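K.L.:
could you look at this predicted model? Sequence included:
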Amino acid sequence: MTSSKSFSQSFVAILTDKKVFHSSKKRDPFVRILIAGATCVLPSGQLRVDVLIENGKILGIDPPRGVQADETIRSDDLVLMPGVVDDQVHFRDPGLTHKEDLRTATRACAKGGVTSFLEMPNTRPTTTTCERLAEKLALASEKCLVNYGFYIGATPGNLDELKRATRTPGIKIFIGSSTGDLLVDDQSVLEQIFAETTLPICAHCEDEATVKANSLRYAGGTTYEDHSRIRDENAAVIATRRAIDLAIRHQHRFHVLHVSTGAETELLRAPRGLITAEACPHHLFFNVDDYERLGSLVQMNPSVKTAADNELLWKALKDGRIQVIATDHAPHTLEEKQKPYPQSPSGLPAVENSLALMLDSVNAGLCSLESVVHWMCDAPARVWDIVGKGRIAEGYDADLVLADLSRKQTIRNETQQTKCGWSPWDGVTLQGWAVRTFVGGQTVFREGQFDESVRGSELVFDHARGGYWAG
């Protein structure tokens, strides 16, 4: 990341958040679009090659010279990559829409190059029945500018719902860090869920007993720094070890959400075929030293840890123990966040800046562009068996992002699309930004403008594929 002082003011206008463009004529789904001249990030690597789109699908890679197209998009000096699949977000709709809703959240997605998301069940009401899942999918069809999917949440008493659920990527369990009926900490209930369900499972892993004991030790906490003392390394490690043990004993696919400690990465050497894991930008880029500067803006569950943990998470990403980068986008209003600890809620917005953070890391030499595409596009699609997503390949959906790796822009609170209107990276200049986002072959975002007539589609999950390790 470079200093905000190096930011060119000419780029401010690019991210003006009120601009909207609309198609001047009714869309013909069979219009052919040729994206020409871009450097494409293909499964085989980077290649400067044209891509032909028709009917929302990728029709051809490197089509014959002179192929007929209704629109040619010259993309010299740009990178074409698959749309980002963010497999962990909290979009607050329904019930908490003063913080975020599906429209504002998916504008943020489109701006950030995220073309598909999987949302967590802790809305109001919670998504813990098949009926509520269907209701949320219907709401998304009306409001989402990008593609959508929703987890079903586990409770101590909804095993039958988990068994009959369809149209979902999987089951979310809160093993700690939740309230109400979504907290599942009883071992016998966890054993039942892992033994008797078939959908892939993911979990928030922080040991509730450890958190409670630490909270007593620190009298509930009085500073934001206390958050990382209460939700410490042991809380994360105990719960992650417990969940991995359940998965291995019951031979059940399991995804560890938002790994926050280097110690947990050692547990991820578990037998391949069952266990996958993810890291989040805040755990890669922030640590306990940032409380002094940012206070509650970096208060998260799991908490941020140490600079050494940052390094170990990067190492685990690079050696394949962690496969996915997701945001855990969890917005709250600034008024809520600025309350004194422990009244301040945990969570931060990240969905519109996550790709730029990683492209900036490419420019800084921390990782390769191919790795970013793997972590953010291909791997999450494979983990959750999402049909047609995550790659630039013939027959895949035309969910694509044109990115300018040379563009420098500064994150500003006033230009954020998220309804909460702030970012912990406010004032940070990044190099590498999405400039055009396609959803189903349609341009939903282009140079700071949005086409709000575009609608994403419900994601399709084919769990017979067997997940990430099945290939």
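P.N.:
Perfect, I can see it now.

K.L.:
shaky segments in the stretch 1-150 of the chain?
P.N.:
For the stretch 1-150 of the chain, the stretches flagged by pLDDT under 70 are 1-30.

K.L.:
how about the strands in it?
P.N.:
Secondary structure of the stretch 1-150 of the chain (DSSP state E, counting those that start in this stretch): strands at 32-36, 39-42, 45-48, 51-54, 57-61, 71-74, 79-82, 84-89, 114-119, 147-150.

K.L.:
now these in JSON lines, with distance to Asp462 and mean neighbour count?
P.N.:
Backbone N, C-alpha and C define where each C-beta goes, glycine included. Output for the strands of the stretch 1-150 of the chain, formatted as JSON lines (distance: least, CB to CB, whole Å; neighbours: other CB atoms under 10 Å):
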{"stretch": "strand 32-36", "distance to Asp462": "27", "mean neighbour count": "21"}
{"stretch": "strand 39-42", "distance to Asp462": "22", "mean neighbour count": "22"}
{"stretch": "strand 45-48", "distance to Asp462": "26", "mean neighbour count": "13"}
{"stretch": "strand 51-54", "distance to Asp462": "23", "mean neighbour count": "22"}
{"stretch": "strand 57-61", "distance to Asp462": "17", "mean neighbour count": "18"}
{"stretch": "strand 71-74", "distance to Asp462": "31", "mean neighbour count": "14"}
{"stretch": "strand 79-82", "distance to Asp462": "18", "mean neighbour count": "26"}
{"stretch": "strand 84-89", "distance to Asp462": "15", "mean neighbour count": "28"}
{"stretch": "strand 114-119", "distance to Asp462": "15", "mean neighbour count": "29"}
{"stretch": "strand 147-150", "distance to Asp462": "13", "mean neighbour count": "26"}
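
K.L.:
tell me where the longest helix sits in the protein.
P.N.:
The single longest helix within the chain, with elements called by DSSP state H, is helix 233-250.

K.L.:
buried ones in that helix, by neighbour count?
P.N.:
Residues of helix 233-250 classed as buried: 233-244, 246-248, 250 (neighbour count, 16 or more other CB atoms under 10 Å).

K.L.:
may I have it as CSV, with CA atoms only?
P.N.:
C-alpha atoms of helix 233-250 as CSV (Å, rounded to 0.1, in the frame of the first residue of the first chain):
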residue,chain,number,x,y,z
GLU,A,233,-5.5,-17.4,20.2
ASN,A,234,-6.6,-20.2,22.5
ALA,A,235,-10.3,-19.5,21.8
ALA,A,236,-9.7,-19.9,18.1
VAL,A,237,-7.5,-22.9,18.3
ILE,A,238,-9.6,-24.9,20.7
ALA,A,239,-12.8,-24.4,18.5
THR,A,240,-11.0,-25.0,15.2
ARG,A,241,-9.4,-28.2,16.5
ARG,A,242,-12.8,-29.4,17.8
ALA,A,243,-14.5,-28.8,14.5
ILE,A,244,-11.8,-30.4,12.4
ASP,A,245,-11.9,-33.5,14.8
LEU,A,246,-15.7,-33.7,14.2
ALA,A,247,-15.2,-33.5,10.4
ILE,A,248,-12.6,-36.1,10.3
ARG,A,249,-14.4,-38.6,12.5
HIS,A,250,-17.6,-38.2,10.6
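
K.L.:
pLDDT of it, averaged?
P.N.:
For helix 233-250, the mean pLDDT works out to 97.

K.L.:
closest one of the buried residues of helix 233-250 to Cys144?
P.N.:
The closest of these to Cys144 turns out to be Ala243 (CB to CB; 30.2 Å).

K.L.:
roughly how far out does stretch 67-80 sit from the chain middle?
P.N.:
28 Å (CA atoms, centre = their mean, to the nearest Å).

K.L.:
and stretch 186-194, by the same measure?
P.N.:
Here stretch 186-194 is found 27 Å from its chain centre; the criterion is CA atoms, centre = their mean.

K.L.:
same question for stretch 346-365.
P.N.:
11 Å.

K.L.:
try stretch 117-125
P.N.:
Taking CA atoms, centre = their mean, one finds stretch 117-125 lying 13 Å from the centre of the chain it belongs to.

K.L.:
which residues sit against that stretch?
P.N.:
85-96, 105-106, 109, 127-128, 132, 136, 146-153, 169, 172, 174, 178, 182, 351, 380, 384, 459 (CB atoms under 8 Å, 6 or more residues apart in numbering).

K.L.:
can you name the residues bridging to the residue positioned nearest the centre of the chain?
P.N.:
Centroid check for the chain by CA atoms, centre = their mean gives Asp86 as the closest residue, at 2.6 Å. Per DSSP bridges, the residues bridged to Asp86 are Phe117.

K.L.:
what ranges do the helices span in the stretch 251-400 of the chain?
P.N.:
Under the criterion DSSP state H, counting those that start in this stretch, helices of the stretch 251-400 of the chain are mapped to 262-267, 281-285, 291-294, 307-319, 334-337, 354-363, 369-373, 379-383.

K.L.:
which among the strands of the stretch 1-150 of the chain is found nearest to Glu206?
P.N.:
strand 84-89 (14.8 Å).

K.L.:
and that closest one, what does it pack onto?
P.N.:
Judged by 3 or more CB pairs under 8 Å, 6 or more residues apart in numbering; DSSP states H and E, strand 84-89 is in contact with helix 102-112, strand 114-119, helix 354-363, helix 379-383.

K.L.:
save the ones you listed as a markdown table, and put in distance to Glu292 too.
P.N.:
As requested, the helices and strands packed on strand 84-89 are exported to a markdown table (distance: least, CB to CB, whole Å):
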| stretch | distance to Glu292 |
| --- | --- |
| helix 102-112 | 28 |
| strand 114-119 | 31 |
| helix 354-363 | 21 |
| helix 379-383 | 33 |
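
K.L.:
Ser371: which of the ones you listed is closest?
P.N.:
For Ser371, the closest of these is helix 354-363, at 8.2 Å, according to CB to CB.

K.L.:
check the burial of the nearest residue to Leu312 once chain neighbours are set aside by counting its neighbours.
P.N.:
Nearest residue to Leu312, sequence neighbours excluded (CB to CB, 6 or more residues apart in numbering): Gly262, at 3.0 Å. Close neighbours of Gly262, defined as other CB atoms under 10 Å, add up to 20.

K.L.:
contact partners for Gly262?
P.N.:
Gly262 neighbours (CB under 8 Å, 6+ apart): 305, 308-309, 311-313, 316.

K.L.:
go again with 10 Å.
P.N.:
Neighbour list for Gly262: 233, 237, 305-306, 308-316 [criterion: CB atoms under 10 Å, 6 or more residues apart in numbering].

K.L.:
just list whatever residues bridge to the residue nearest to Ile73 when sequence neighbours are not counted.
P.N.:
If the residues on either side of it in the chain are set aside, Ile73 comes closest to Ile35, at 5.0 Å by CB to CB, 6+ apart. Beta-bridge pairing for Ile35 (DSSP bridges): Val51, Ile73.

K.L.:
what of the one 10 residues further on?
P.N.:
Counting by DSSP bridges, Gly45 forms beta bridges with Leu42.

K.L.:
that one contacts His374, correct?
P.N.:
No. In this structure, Gly45 is not within contact of His374 by CB atoms under 10 Å, at 11.3 Å.
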